[in-house]
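**Student:** Following is a predicted model, sequence given first.
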Amino acid sequence: MKNLTDIEIIDSIKKGNPSDYALLIDRYKNKAFSLLVRMLKNEMEAEEILQDCFLKAYKSIDSFRYEAKFSTWFYRIVYNTALTKLSAKKRKIENEMSSIDEQINLSSDLDYRVTEKEDLSNFIQKMIEQLPANYASVITMFYLDDMSCEEISEVMNVTVANVKVMLHRSRNVLRDLFIKNNYQRELL
Amino acid sequence: MNKLSDEVLNKYIDGELDFSAMAEVNQIINSSIEDKIKLDALLSIHKELKDIKEVKVSSDFTSSVMRKLNRSVKFKKADKRFIAFISSIFIVIAVGILGYVIYLMIPQTQASDSINQNVNMYVNHFADMIVSFSNLVNSKNISIIGSVFSLGLLVSGYFFFESQRQSKRRMGKFN
C-alpha cells in the first residue's frame, strides 16, 4: 500500500477512500514541515500552518489536474500559505521578493550571529534558519526535497533565473561565513 | 578568465559549464590559492547542504489531521442532509401550489377516449387532493399554519446556524 504513487493515492481518494490521504500526509509532512519551519522560524506555528495546508489540499484535491507533480502542487499551497502568514505578521516579505533584483548583503546581516565555534552541520542548519524566508525556501527545496530549479520556480511563482540567483547568493553567503569562521581548516 | 566569479563557481559545482569552461576553471584553480579556497569552501557548503536534516513534526500529526478531516467531512454531510430536508419541504409546497394552479387552468371537458378518461381520473384525484389542501389552507387556518411554518423555519434556521458555528469552531482556522 505504501508503494503506491502519489497519483494512485489521489485516484483512490477521489474514488471515495479518504483514509488513503494519510499516506500522502506521511510522505510529505516532514519535508513540508522543514520548509515551513525555515520560512516561519517557529515550529509551533509551522505545524499549525501545515495542518491547514493538508486540509486545504484535501479540500481542493478535485481541482488537482495531474499537470504538475503532487509535490509541486502541494508545496505551492504550503509556500503561499506561509507567505500569507508572514505578510499577516508584517514581515515585509514583498520587500524580500523584490530584493532579488537588488544588491543585498545577506552576510552582513548574518555575520554577527556566529559567535562561537561549533559543528559544521549545526552551523549550516543555524545559518539556513537565519536566511530570509525565500532564500531558505530555495535552499530547502533544492537540497532537502531534491527539486529542480524549474519545479522551485513553479512553486514560488518566480523565474528559473531568479531561483538560481537566490540559490547562488545563499551558497555564497554561507561560503563567506564558512571562510570567515575558518571552517575550511577542519576539512584540511 | 583571470579571476573566478561567484557565478562561475556556482555553475561549476552545478555542472552547468561546458567542457572548455570547466578546463579553464580547473587551470585557474591550480594557479590561484584564493580561488581554490573559495571553490573548496563552496563545495563543502554544497556537500553539507545535501545532508541537511528534516525537521520532524509531532508523532500524532497524521492522526490529528485525519481527525480534523473526518470531522469536516461529517459536518459537510450533515449540512447537506439538513439542506436537502429543508429544500424537499419547499419543493413539496411548490409542487402543491403549481398543481393547484394547473387544476384551475385545465378546462373541465369530457374525455372522448379511455386514455383521456384515465388521465382525467388521475387529474381529478390530484385536483381533489389540492382542493382538500386548499380547504385546509383557508382564511381560518392560514394564520395558524403560517405561524407553525414560521416557527419551524426559525427553529431549523437556529439549528442550522448553530451547526455551522460549531463546525467552524471545531475546524479552527480551516476555511
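**Tutor:** In hand now; what should we look at? Just so we're clear, the structure is a prediction, and the values are computed from it rather than from any experiment. Residues are numbered from 1 along each chain as shown, chains lettered A, B, ... in the order given.

**Student:** what does chain B have sitting close to chain A?
**Tutor:** Counting by CB under 8 Å from any CB of the partner chain, chain B comes close to chain A at B:6-7, B:10, B:37-38, B:40-42, B:44-46, B:48-58, B:61-62, B:64-66, B:68-70, B:72-73, B:171, B:173-174. No exception for glycine: its C-beta is placed from N, CA and C like everyone else's.

**Student:** Which members of those residues are classed as buried?
**Tutor:** B:10, B:38, B:40-42, B:44-46, B:48-49, B:52, B:54-55, B:57, B:61-62, B:64-66, B:68-69, B:72, B:171, B:174 (16 or more other CB atoms under 10 Å in any protein chain shown).

**Student:** On the three-state scheme, residue A:158 is what?
**Tutor:** coil (DSSP: H, G, I helix; E, B strand; the rest coil).

**Student:** Counting by contacts, list what the helix or strand containing residue B:159 packs against.
**Tutor:** According to DSSP states H and E, residue B:159 maps onto helix B:139-170. Contacts defined by 3 or more CB pairs under 8 Å, 6 or more residues apart in numbering or on different chains; DSSP states H and E place helix B:139-170 against helix B:61-105.

**Student:** quick one: least confident helix or strand in chain B?
**Tutor:** Ranked by mean pLDDT, DSSP states H and E, the weakest helix or strand in chain B is helix B:114-136, scoring a mean of 75.

**Student:** The chain - how does it break down into domains?
**Tutor:** Reading this off chain A. A:1-91, A:92-188 (automatic domain parsing).

**Student:** meant chain B actually
**Tutor:** Taken from automatic domain parsing, chain B resolves into B:6-50, B:61-170.

**Student:** mean pLDDT lowest for which of the ones you listed?
**Tutor:** The stretch with the lowest mean pLDDT among those is domain B:61-170, at a mean of 77.

**Student:** Kindly confirm whether my reading is correct that residue B:7 touches residue A:165.
**Tutor:** No - counting by CB atoms under 8 Å, residue B:7 does not reach residue A:165; the two are 9.2 Å apart.

**Student:** What's the separation between residue A:89 and residue B:3?
**Tutor:** 42 Å (CB to CB, to the nearest Å).

**Student:** how about the strands of chain A, start to end?
**Tutor:** Ranges of strands within chain A: none, based on DSSP state E.

**Student:** which intervals of it have sub-threshold pLDDT?
**Tutor:** Where chain A drops to pLDDT under 70, the residues are A:1-2, A:90-118, A:182-188.

**Student:** who are the neighbours in contact with residue B:69?
**Tutor:** A:18, A:21, A:54, A:55, A:58 (CB atoms under 8 Å, 6 or more residues apart in numbering or on different chains).

**Student:** repeat that for 6 Å
**Tutor:** By CB atoms under 6 Å, 6 or more residues apart in numbering or on different chains, the contact list for residue B:69 reads residue A:58.
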